[in-house]
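Participant: Give the three-dimensional model of this entry:
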Amino acid sequence: MNKGKVLAYRPVMHKNIGLLFDEEPNEYWENVYSITDVDQNTFFPMEAIADKNLLKPYFNAGLLVVRPNNKVFQTWDTYFKKLSMDPSMIELCKNTSEKYNVFLHQAALVGAILNNVDKEELELLPFAYNYPIFFEKFYGS
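Facilitator: The predicted model follows:
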C-alpha cells in the first residue's frame with residue numbers, strides 16, 4: 001500500500017445488491033446509511049469489473065489492506081451487529097431478497113470504511129488482486 005494511504009480495496013465484482021451510482025437508495029440502503037450514519041456526500045463511483053456498472057461505494061470484503069491503527073475492522077463489527085439486530089433490517093431482510101441478508105456484512109463494511117477513511121486515503125488495488133478462479137466461467141474474459 002502506498003504511503004499516505006490507510007486502506008486498499010477492490011470493489012465488488014458485480015452490482016448484486018449494490019446501487020448504481022446515479023440510482024436513489026432503496027429502503028435497504030437507506031436503512032444501512034441511516035443506521036451506520038453514512039454521509040452520502042462522501043460517495044464516489046466504483047466500477048464493478050464483471051458488469052462494468054458504476055456503483056455507489058460497495059467494497060469487496062474478500063480482500064482489504066488496512067493500517068492497523070485505523071478503526072475500520074472494529075467499526076465494521078459494530079455496524080454489522082447494529083444492522084443484524086435492528087428490527088427494521090430484520091423485517092426487511094425477511095420480506096425481500098435473501099441476498100440482502102447474505103450480503104449484510106458487505107453493507108456494514110461500506111459504513112465502516114466511509115466513516116473512518118477519507119477518499120484520498122483509499123487505494124484502489126489492481127484488478128488482478130482478489131481475482132476469482134470462476135470469473136471467466138461466469139463473466140467471460
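
Participant: and Leu122, how far is that from Thr96?
Facilitator: 30 Å (CB to CB, to the nearest Å). All C-beta atoms are positioned from the backbone trio N, CA, C, and that covers glycine.

Participant: neighbour count winner among the two?
Facilitator: When Leu122 and Thr96 are compared for neighbours, Leu122 comes out ahead with 17 against 14, by other CB atoms under 10 Å.

Participant: Any idea what the residue lying closest to the more buried one once chain neighbours are set aside is bridged to?
Facilitator: Excluding the flanking residues, the one nearest Leu122 by CB to CB, 6 or more residues apart in numbering is Leu7, at 5.6 Å. With DSSP bridges applied, Leu7 shows beta-bridge pairing to Val66, Leu122.

Participant: For this protein, which segments count as strands?
Facilitator: Residue ranges of the strands in the chain, as given by DSSP state E, are 7-9, 46-47, 54-55, 65-66, 122-124.

Participant: out of these, which comes closest to Asn115?
Facilitator: strand 7-9 (12.0 Å; CB to CB).

Participant: Just the residues contacting the closest one, thanks.
Facilitator: Residues from elsewhere that reach strand 7-9 (CB atoms under 8 Å, 6 or more residues apart in numbering): 1, 59-60, 63-67, 70, 72, 113, 117, 121-125.

Participant: Just give me the longest helix of this structure.
Facilitator: Counting residues, the longest helix found in the chain (DSSP state H) is helix 72-85.
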